[in-house]
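*Asks:* quick check, what structure comes out for this input:
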Amino acid sequence: MGKGAVFLDRDDTLIENVPYLGDPSLVKLMPGAVEAIQALRHAGFPLVIVSNQSGVGRGLITKEQVRSVDTKMEELLGGQGIFTTYKHCYAAPGDPYDEHRKPSPLMLQEAAQTHGFDLLQSYMVGNRLTDIQAGHQAGCKTILLHLRVPPDEEHEAIRLASFTAKDWPTACDWLLHSK
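*Replies:* Next comes the predicted model:
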């Protein structure tokens, strides 16, 4: 049995959501993200990004632009290599209706299989109902980061989440004490 990981949504969880972001100069971290990522990393959690990037499949941005945004985000969060795997094979960059897109658990399951993670010992952190659904369906504990949750998703996301955190410090504290 493998180790648990922390799966992280990207937009409005780690960085501010700019629709179809392709310009790394526009990357802005969410409040508390740096400290939380550093604390989780220091606690020994493998960190994995799972992100729907439909703009690639729609022809609005390229995979290279997504990678440049990711590189900038990674730099701002603490440097290269901070994430266990940071490839957009876990980002469903193809067809906007691809079966890998959250709420499907497939990205989490593939990452777990590739890296030997135990999904039952893992966590999914995100701000959308689809993040919580993907984590829940994969067997992970789920944390709804209550930053910029769409109002029409809020009730169901709160109901389904293992924990709802008002901010990154609260989410990180819960996660570290649930380990």
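
*Asks:* how about stretch 147-158: buried residues?
*Replies:* By neighbour count on 16 or more other Cβ atoms under 10 Å, the buried set for stretch 147-158 is 147, 149, 153, 157. To be clear about C-beta, it is placed using only N, CA and C from the backbone, and glycine gets the same treatment.

*Asks:* for those, which one is nearest G135?
*Replies:* Distance to G135 across the buried residues of stretch 147-158 (Cβ to Cβ) is lowest for A157, with 10.9 Å.

*Asks:* let me see the contact set for the closest one.
*Replies:* 128-129, 132, 144, 149, 164 (Cβ atoms under 8 Å, 6 or more residues apart in numbering).

*Asks:* what's the spacing between it and A39?
*Replies:* For A157, the distance to A39 equals 24 Å [Cβ to Cβ, to the nearest Å].

*Asks:* in the protein, what helix or strand scores lowest on average pLDDT?
*Replies:* helix 54-57 (a mean of 83; mean pLDDT, DSSP states H and E).

*Asks:* which is the next helix or strand following that one?
*Replies:* Downstream of helix 54-57, the next assigned helix or strand under DSSP states H and E is helix 63-77.

*Asks:* what is the neighbour count of T130?
*Replies:* By other Cβ atoms under 10 Å, 17 other residues sit near T130.

*Asks:* ugh, wrong one, K179
*Replies:* Using other Cβ under 10 Å, the number of residues around K179 comes to 12.

*Asks:* so it makes contact with V6?
*Replies:* No. With contact defined as Cβ atoms under 8 Å, K179 does not count as touching V6 (10.0 Å).

*Asks:* who touches both of these two?
*Replies:* Counting by Cβ under 8 Å, 6+ apart, the common neighbours of K179 and V6 are F45.

*Asks:* go ahead and confirm L145 touches R128.
*Replies:* No. Contact status for L145 versus R128: not in contact, 9.5 Å apart, counting by Cβ under 8 Å.

*Asks:* okay, the residue lying closest to L160 once chain neighbours are set aside and G44: tell me how far apart.
*Replies:* Setting aside the residues directly before and after it, L160 is nearest to I132 in space (Cβ to Cβ, 6 or more residues apart in numbering), at 5.0 Å. Using Cβ to Cβ, I132 is found at 24 Å from G44.
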